[in-house]
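K.L.:
here is the input, now give the coordinates:
(one chain, ligands or ions: 2)
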Amino acid sequence: MPDVILKIEGLDKSFALSRNSRLGIAERNLVVNDLNMTIEKGCITGLIGGNGAGKTTVFNLINGFLKADKGNIFFNRNGEIISCHSMKPHKIARLGIGRMFQGAQLFEDLTVKENLILSFVDPVTEVPFYNIFRSRRYRKLMHDADSYILEKVCGSGEYAALNNLMDVKAGSLSFAQQRMVAFVSLLWGKKDLLILDEPTSGVHETEWPWMGEKLKEYCHNGGAVLLIEHNIEFISNYIEQCYYLSSGKIMFEGLTQNVLSQPDVKKDYLA
Ligand SMILES: Nc1ncnc2c1ncn2[C@@H]1O[C@H](COP(=O)(O)OP(=O)(O)O)[C@@H](O)[C@H]1O
Ligand SMILES: [Mg+2]
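P.N.:
Ligands and ions are numbered 1, 2, ... in the order given. The predicted structure is shown next:
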């Protein structure tokens, strides 16, 4: 699978609903039902569907927060096909999968710059994460990261939204600004595949084209992106391939415009 970065095969995930006390059997809610997906390098792929369709659960399965009942996920690391079955989240992150959550997930007591610097370092090393700012091993990396940030953020207009925010504590930013920092931090994290859960949510619409172009650039440089999105303008403009999920099953897949034109998608999702 040379151009495929992630392959999901026959994935099932159910959650216990309630226990039938008479029979002692737990009733289960099948939230992801025989899911098959292929994510290609150099491409922005979308996972769309109504509320409760199972989209975030799919992301939790991909990054190892949840374990599938059945099926498997394969990751292509430079030609080596790796089964992610039962792999812990930190191992999956180290394989090269980065995730942006629905919230901001920043270190609120650290400044924006410190949060961004953390995107350069690997938290799963012999150096305890909390010690990163004090460790000698990382001092050089910190210095390089600092220069990179100065050049990228302050020296060019490329990250204009973050200018003047570098020394501000992340916790005192607006939600929109926090989302932007989380987005940039993910882009800088040197991952091969980014999975983003509604990246434009809470972000001002003037920033959407910038985010879309950044994702395109990321894919152009060999990365791959899978994103959950409700923002139809963003989907139409930036997502090339699309999967439409309904009750845990892929109902439609293919070129975004074709998927969006399906009457069921229009009725259920665009209404
Ligand atoms: N940890 C969990 N335990 C039980 N039910 C869950 C859990 N996570 C998600 N669900 C259920 O799975 C379904 C799909 O949820 P989710 O994946 O969050 O949907 P989406 O992201 O498409 O809105 C929902 O009915 C939700 O209540
Ligand atoms: Mg969700």
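K.L.:
spell out which parts of the stretch 1-150 of the chain neighbour ligand 1.
P.N.:
Residues of the stretch 1-150 of the chain that fall close to ligand 1, judged by CB under 6 Å from any ligand atom: 15, 31, 49, 51, 52, 53, 54, 55, 56, 57. For the C-beta atoms, the positions are set from N, CA and C on the backbone; glycine is no exception.
K.L.:
counting neighbours, what do you get for the fifth one?
P.N.:
Here the number of neighbours of residue 52 (other CB atoms under 10 Å) works out to 12.
K.L.:
what's near enough to touch it?
P.N.:
The contact partners of residue 52, taken as CB atoms under 8 Å, 6 or more residues apart in numbering, number zero.
K.L.:
shouldn't it be within a helix?
P.N.:
No: judged by DSSP: H, G, I helix; E, B strand; the rest coil, residue 52 forms no part of a helix; its state is coil.
K.L.:
separation between it and residue 29?
P.N.:
From residue 52 over to residue 29 the distance is 10 Å, taken as CB to CB, to the nearest Å.
K.L.:
what residue lies at the spatial centre of this protein?
P.N.:
In the chain, the residue lying closest to the centroid (CA atoms, centre = their mean) is residue 195, at 2.2 Å.
K.L.:
is it true that that residue touches residue 226?
P.N.:
Yes: look at residue 195 against residue 226 with CB atoms under 8 Å: they come within range, at 4.8 Å.
K.L.:
which residues in the stretch 101-250 of the chain form helices?
P.N.:
Taking DSSP state H, counting those that start in this stretch to define them, one finds helices in the stretch 101-250 of the chain at 112-118, 139-149, 175-187, 208-220, 232-238.
K.L.:
mind listing what's buried along the second one?
P.N.:
The neighbour-count criterion (16 or more other CB atoms under 10 Å) identifies 142, 145, 149 as the buried residues of helix 139-149.
K.L.:
can I get the residues you listed in JSON lines with pLDDT?
P.N.:
Listed next are these as JSON lines, based on pLDDT from 0 to 100:
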{"residue": "142", "pLDDT": "72"}
{"residue": "145", "pLDDT": "75"}
{"residue": "149", "pLDDT": "80"}
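K.L.:
can you list those residues in TSV and add distance to residue 179?
P.N.:
Formatted as TSV, the buried residues of helix 139-149 follow (distance: CB to CB, whole Å):
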residue	distance to residue 179
142	25
145	21
149	18
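K.L.:
circling back: between the helices of the stretch 101-250 of the chain, which gets nearest to residue 67?
P.N.:
For residue 67, the closest of the helices of the stretch 101-250 of the chain is helix 175-187, at 23.9 Å, according to CB to CB.
K.L.:
what is that closest one packed up against?
P.N.:
Secondary-structure packing of helix 175-187 (3 or more CB pairs under 8 Å, 6 or more residues apart in numbering; DSSP states H and E): strand 97-100, helix 112-118, strand 193-197, helix 208-220.
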